[in-house]
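the sequence and its predicted three-dimensional model are supplied below.
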Amino acid sequence: MNTPINQDRRRMLKLGGTALAMIPVIALAAKNDGMRSSMKYKDSPEGDKACADCVQFVAGKGPNDAGGCKIFPGDTEISPKGYCVAWVKG
Ligand code: SF4
C-alpha cells in the first residue's frame, strides 16, 4: 500500500543512498611527526641505507609506494627511499 508516509520514507531512503554515494572514498594517510622528528626521518636514503632495506619497514602496495614503519605508529607515508637513525638492515 502506498500511503503518503511510505512514499515519504521511500523518498528519504533514496536521497540518503544518493548522499552516501556522493561521499568520496578517501584513503587516509597519516604521518607521525613526533617520531619523524625524534628519529631524524627524511624522504631520501643515507648512502645505500633506505627504508626498503630496513627490518622495520612495512612495504606499501608496490615497491615504490609509501608504506609504514614498525616503530612509527600510525604513519602510512614512509618512503621506501627514506631513512632515519633507527635504520637496521633487514
Ligand atoms: Fe625507515 Fe627508520 Fe622505519 Fe627503518 S626505522 S623503516 S629507516 S623510518
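Okay, I see it.

what residue is smack in the middle of this protein?
Centroid check for the chain by C-alpha atoms, centre = their mean gives Ala29 as the closest residue, at 3.2 Å.

residues contacting it?
Ala66, Thr76, Glu77 (C-beta atoms under 8 Å, 6 or more residues apart in numbering). Using the backbone N, CA and C atoms, a C-beta is placed for each residue, glycine as well.

just these that are near the ligand?
When contact is defined as C-beta under 6 Å from any ligand atom, those do not meet the ligand at all.

mind putting the residues you listed into TSV with neighbour count, secondary structure and pLDDT?
Listed next are those as TSV, based on neighbours: other C-beta atoms under 10 Å; DSSP: H, G, I helix; E, B strand; the rest coil; pLDDT from 0 to 100:
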residue	neighbour count	secondary structure	pLDDT
Ala66	20	coil	98
Thr76	17	coil	98
Glu77	17	coil	98
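
with those in mind, which one is nearest to Lys40?
Glu77 (16.1 Å; C-beta to C-beta).

how about Pro73: what's its closest non-neighbour residue?
Setting aside the residues directly before and after it, Pro73 is nearest to Asn32 in space (C-beta to C-beta, 6 or more residues apart in numbering), at 6.1 Å.

so that neighbour makes contact with Lys70?
No: with contact taken as C-beta atoms under 8 Å, Asn32 and Lys70 are classed as non-touching, separated by 11.7 Å.

neighbour-wise, which of those two wins?
For Asn32 versus Lys70, neighbours defined as other C-beta atoms under 10 Å are more numerous around Asn32 (20 against 11).

show me where this structure has strands.
For the chain, strands defined by DSSP state E occupy the ranges 57-58, 68-69.
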